[in-house]
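Undergrad: Generate a structure from the sequence data that follows.
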Amino acid sequence: MHDRTADLHDRSTLTAQRDAIRRLLINARPALAHRVHEGPSGALTIGLPGGGTIEIGRMRRRGDPRWVVVAPCGSHLPGRVRITDSSTATGIVRAVLRALDELAADGRILGRPHGHPSLAPATVTA
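TA: Okay, the predicted model is just below:
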């Protein structure tokens, strides 16, 4: 028999975790407030000014469902993505910020070597 109460608890936990990730991202970089969106699957997406998307979602990794960040690689690996996972919301936010910084340094954001000023590095604290 399927336990619907467990399903509701799991969904509310996932929603709380996703909301915490969104809140931490926006606290670290307020310019992301209008660029972080929830997709149809429930994953968070961040559209990049120069094209492409960073996606934050859940997938089975190392045998367990985990939060992951899927981000485009730099120009040295065109068309490829990097998948980073973490067991904490803070770890996921750090992975997103690192991906944004790497893409900006590579000139992938707005096609400029220093990226977009509103995506400047920031410290993440939980």
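Undergrad: Please, where are all the helices along the protein?
TA: 4-28, 89-105 (DSSP state H).
Undergrad: elements contacting the shortest one?
TA: Spelled out, it's helix 89-105. Other elements packing on helix 89-105 under the criterion 3 or more C-beta pairs under 8 Å, 6 or more residues apart in numbering; DSSP states H and E are helix 4-28, strand 53-61, strand 64-72, strand 81-86. The way it works is simple: take the backbone N, C-alpha and C, and place the C-beta from them, glycine included.
Undergrad: Partner strands of the last one, with direction?
TA: Next to strand 81-86 in the sheet, as set by DSSP bridges, lie strand 64-72 (antiparallel).
Undergrad: List the contacts of the partner strand.
TA: By C-beta atoms under 8 Å, 6 or more residues apart in numbering, the list of residues contacting strand 64-72 from outside reads 17, 21, 48, 52-61, 80-87, 89, 92, 95-96, 99, 103, 108.
Undergrad: again with stretch 81-88
TA: Counting by C-beta under 8 Å, 6+ apart, 61-62, 66-73, 92, 94-95, 98-99, 126 sit against stretch 81-88.
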